[in-house]
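Trainee: I'd like to go over a predicted model; first the sequence, then the structure.
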Amino acid sequence: MMTTVNAARDTKLPSAPFLSSVMQVEPQWIDYNGHLNMAYYNVMFDRAIDEIWLQLGIGLAYKKERQGSTFTAECHVRYLREINLGDPVQVTVYLLGADDKRLHTFEELRHATEGWISATSENMSLHIDMNSRKVAPFPSDIRARIKAIADIHALVPRPEGIGRSVAMPSR
């Protein structure tokens, strides 16, 4: 029997960068300023990450079958342009780096039909053994798939904004 984890391993490697499904801004996500509330940018980024995690073989089936998952250790979001109710959006995900226990990603939330960037999110995720709830190395087969995808992503030009920090502008 082929499990979902095996199916992910046996599928061809996705192109780089990864492009999520198109999502819609939902009415309950609009704040009193009349635009997408900052919390829901993270919801859309997270949904896109769930999609690429499936490609990496570390989605929900991986958690159920092998008791592994990821937790976000750090996140830096930049809000660049307003998104409004009904706007179709799509997230581009770059796998910037990976090692035995970590994944470094950069995401761009774009208007799906007009192409402009609304927000970016740079993240460090940790692999977790869900039995101990501690950081643990990826299994070797998963690590090999992650490395193969990271190698493909390494060939793509890096987007603007990686490594930014929060600070007052210098004079």
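Mentor: Looks like it came in fine.

Trainee: Please name the nearest non-neighbouring residue to residue 53.
Mentor: Spatial nearest neighbour of residue 53, excluding adjacent residues (C-beta to C-beta, 6 or more residues apart in numbering): residue 59 at 4.9 Å. All C-beta atoms are positioned from the backbone trio N, CA, C, and that covers glycine.

Trainee: any idea how far the one you found lies from residue 144?
Mentor: 17 Å (C-beta to C-beta, to the nearest Å).

Trainee: hey, where'd the helices end up in the chain?
Mentor: Assigned by DSSP state H, the helices in the chain fall at 4-10, 38-56, 60-66, 140-153.

Trainee: any idea which of those helices is most buried?
Mentor: Among the helices of the chain, the stretch with the highest mean neighbour count (mean count of other C-beta atoms under 10 Å) is helix 38-56, at a mean of 18.

Trainee: Which residues does that helix contact?
Mentor: Helix 38-56 is contacted from outside by 8, 11, 13-14, 18, 20-21, 23, 25-26, 29, 59, 62, 70, 75, 77, 79, 83, 89, 91, 93, 95, 103, 105, 107, 109, 118-119, 121, 123, 125, 142, 145-146, 149, using C-beta atoms under 8 Å, 6 or more residues apart in numbering.
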